[in-house]
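Chemist: Fold the following for me, if possible:
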Amino acid sequence: NATACTMVPTNELKRTLGEIGFENLKVVSRGVDTKLFNMGKRNAQLRQSWGADEHSKVLISVGRMAPEKNLEQVLRTYEALRFLGSSFKLVMVGDGPLREQFQHRFPSIIFPGMLSQAELAVYYASSDLFLFPSQTETFGNVTLEALASGIPVLAFDCAAARDWVQPGINGWLVPEAHSDGFVDQALAIFKS
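Modeler: Take a look at the predicted model:
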């Protein structure tokens, strides 16, 4: 509290720190390059390479493949959606200690590894729904990248998602720690 201000990335973190006595808190949010991340990058050839046609729904997850990212939630959601039909594809962008295990368990998932920012922009825009299951982020810049790319976001109601996802407009928020609710919301999105 001896500083002129303490900068935080989200309103949620501002509230949390305020509750424990921090003062002079200022939200300094982040942004993304909308010339790079935008819906105009959608690429039919890339979708075709994933085995997706005009009737397919492509889910995407982007980030480090590590336990704290809650990626088992993405896998559970994908499995549930596949019961609706075979037209669902999942692309998991990134690398990390769980990647090899996931590739072994789910050979139908596309694992492109780490991508450049330009490649990532095309991957987002060529997808239909961004799944963001993390509940440990202080921000989660991937949320803004997905939204700028024109794809809706399904996330838990925390961090950047809480500040940027407008339920029913550009995505859906599920109460924290409600893993069944995350799956149920994904099913509801594609049943309607």
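Chemist: Going by C-alpha atoms from here, please, whenever you check contacts or count neighbours.
Modeler: Will do.
Chemist: got the contact list for residue 38?
Modeler: 121, 125, 148-150 (CA atoms under 8 Å, 6 or more residues apart in numbering).
Chemist: Which ones among those lie within helices?
Modeler: Among the contacts of residue 38, DSSP state H puts 121, 125, 148 in helices.
Chemist: Need those in CSV (columns: distance to residue 9, pLDDT and neighbour count).
Modeler: Converted to CSV, those look like this (distance: CA to CA, whole Å; pLDDT from 0 to 100; neighbours: other CA atoms under 10 Å):
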residue, distance to residue 9, pLDDT, neighbour count
121, 23, 98, 25
125, 25, 98, 23
148, 18, 98, 22
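Chemist: which one among these gets closest to residue 7?
Modeler: Distance to residue 7, by CA to CA, is smallest for residue 148 among those, at 23.9 Å.
Chemist: My guess is the closest one contacts residue 35. True?
Modeler: No: at 9.3 Å, residue 148 does not count as touching residue 35 under the criterion of CA atoms under 8 Å.
Chemist: how many neighbours does the closest residue to residue 159 other than its chain neighbours have?
Modeler: Leaving aside its chain neighbours, residue 159 sits nearest to residue 139 (5.1 Å; criterion: CA to CA, 6 or more residues apart in numbering). Using other CA atoms under 10 Å, residue 139 is surrounded by 22 other residues.
Chemist: Look at residue 139 and give its secondary structure.
Modeler: coil (DSSP: H, G, I helix; E, B strand; the rest coil).
Chemist: backbone phi and psi for it, please?
Modeler: Per-residue torsions, residue 139: phi -140, psi -80 (degrees, to the nearest 10).
Chemist: quick one, strands of the protein?
Modeler: 6-8, 25-27, 57-62, 88-93, 110-113, 129-132, 153-156, 171-174 (DSSP state E).
Chemist: I'd like to know which of those is closest to residue 40.
Modeler: Residue 40 sits nearest to strand 129-132 of all the strands of the chain, at 15.9 Å, using CA to CA.
Chemist: what's the closest one in contact with?
Modeler: If you take CA under 8 Å, 6+ apart as the criterion, strand 129-132 is touched by 57-62, 74, 124, 143, 146, 151-156.
Chemist: Closest to residue 176 out of the residues you listed?
Modeler: residue 156 (5.3 Å).
Chemist: Please report the distance of the residue lying closest to the closest one once chain neighbours are set aside from residue 68.
Modeler: Excluding the flanking residues, the one nearest residue 156 by CA to CA, 6+ apart is residue 174, at 4.6 Å. Distance, residue 174 to residue 68, by CA to CA, to the nearest Å: 18 Å.
Chemist: and if you look at residue 155?
Modeler: 15 Å.
Chemist: ok, these two, which is more surrounded?
Modeler: Higher neighbour count among residue 155 and residue 68: residue 155, with 26 against 12, using other CA under 10 Å.
Chemist: Tell me the spacing between the more buried one and residue 177.
Modeler: Using CA to CA, residue 155 is found at 11 Å from residue 177.
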